[in-house]
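Participant: One predicted model, sequence on top.
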There are 2 protein chains.
Amino acid sequence: MDEPRFSGYVEELDYFLRHVSAIVRQRGRSILSDFDITPPQFNALIQLRDGRNLTMGELCEKLFLASSTVTDLIDRMEKNGLVERVRDPEDRRAIRLKVTDKGRDIVKRVMAARHVYLTAIMDKVVTGERENLLVALKHLYNLMQEEAPGK
Amino acid sequence: MDEPRFSGYVEELDYFLRHVSAIVRQRGRSILSDFDITPPQFNALIQLRDGRNLTMGELCEKLFLASSTVTDLIDRMEKNGLVERVRDPEDRRAIRLKVTDKGRDIVKRVMAARHVYLTAIMDKVVTGERENLLVALKHLYNLMQEEAPGK
């Protein structure tokens, strides 16, 4: 590919990446609104579920949010019964955040709603093409992971 | 594809969609931090640039944000010289939001920085595969657009 064509390609790729991401986010947001939970709360639940009881500091890093913002977020989530603050059994001074059963249940139900949406989309696509889409998306993900800052 | 396989496929697709979107967002955020502008400010600039001088109400809808949040956002952006409030020449009671030259310049420079990042990624990919990735992403975008709520 010569340079001007490559630059046009990159612009187009960026356009579709931004717009697919925007739809994923927008759709995610509209699903969350049915479950009475905000996007930052859901992101925190996902991080805490995947990250095995993070500390507040660890959660701030994962969410790229300031400590005061995350304190407010967790206060509200604890009040709604989605997470609880527990003492670390190995270091009694440290407080860790734990997802409650109610929190886990909401994650499951939100994921199920997302899958209903994607199933409706993919139902229209023939099997071979489904595989192409997944392979391409995995490839993009791997390329982006390799280029992640700090590597 | 039989049902259990299809459901596994949808889960995997959702996983990669969420993770690619997260990287796109995270990368976008890290680029913006070099330009002293926040993600909501940048989203507002993009909407105003594409939407030809929206009103506050129109911008709230596009950003899915409450009117008080958008008022604060625009106040800060006006103070930083990124947008200005102008009277609609066809309806003197209506105020429209206009991107300033400084605002347009920042959008251009942010886009250029994103393209540098994507160029570095795509440089490693052979030409034919680049085309496959773009075609797959366009296809996904079109499928998601057709399934958009309200259609």
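Facilitator: Received it, and whenever you're ready, just let me know what you need. Numbering: from 1, shown residues only, chains lettered A, B, ... in the order given.
Participant: any idea how far the helix or strand hosting A:Phe6 is from the chain center?
Facilitator: Assigned by DSSP states H and E, A:Phe6 belongs to helix A:3-33. With Cα atoms, centre = their mean, to the nearest Å as the basis, helix A:3-33 stands 16 Å off its chain's centre.
Participant: tilt between it and helix B:3-33?
Facilitator: 110 degrees (axes from the mean of the first three to the mean of the last three Cα atoms, to 10 degrees).
Participant: what comes up buried for helix A:3-33?
Facilitator: A:9-10, A:13-14, A:16-25, A:27-28, A:31-32 (16 or more other Cβ atoms under 10 Å in any protein chain shown). (Glycine included, C-beta is placed from N, CA and C.)
Participant: how about the residue sitting nearest the centre point of chain A, what does it touch?
Facilitator: For chain A, A:Asn43 is the residue whose C-alpha lies nearest the centre (Cα atoms, centre = their mean; 5.5 Å). A:Asn43 makes contact with A:Leu63 under the criterion Cβ atoms under 8 Å, 6 or more residues apart in numbering or on different chains.
Participant: For chain B, give me its nearest residue in chain A.
Facilitator: Relative to chain B, the nearest point of chain A is A:Ala136 (3.3 Å; Cβ to the nearest Cβ).
Participant: Now name the helix or strand holding that residue.
Facilitator: Assigned by DSSP H and E, A:Ala136 belongs to helix A:127-146.
Participant: Flag every buried residue along that helix.
Facilitator: If you call a residue buried by 16+ other Cβ under 10 Å, then helix A:127-146 has these buried ones: A:Arg130, A:Leu133, A:Leu134, A:Ala136, A:Leu137, A:Lys138, A:His139, A:Leu140, A:Tyr141, A:Leu143, A:Met144.
Participant: Report the buried residues of the longest strand along chain A.
Facilitator: Using DSSP state E, we find that the single longest strand of chain A is strand A:91-99. The neighbour-count check on strand A:91-99 (16+ other Cβ under 10 Å) flags A:Arg96, A:Leu97, A:Val99 as buried.
Participant: now, among these, which is nearest to B:Lys79?
Facilitator: A:Leu97 (36.7 Å; Cβ to Cβ).
Participant: any low-confidence regions in chain A?
Facilitator: A:1-4, A:148-151 (pLDDT under 70).
Participant: Can you give me the domain boundaries for chain A?
Facilitator: A:1-33, A:34-146 (automatic domain parsing).
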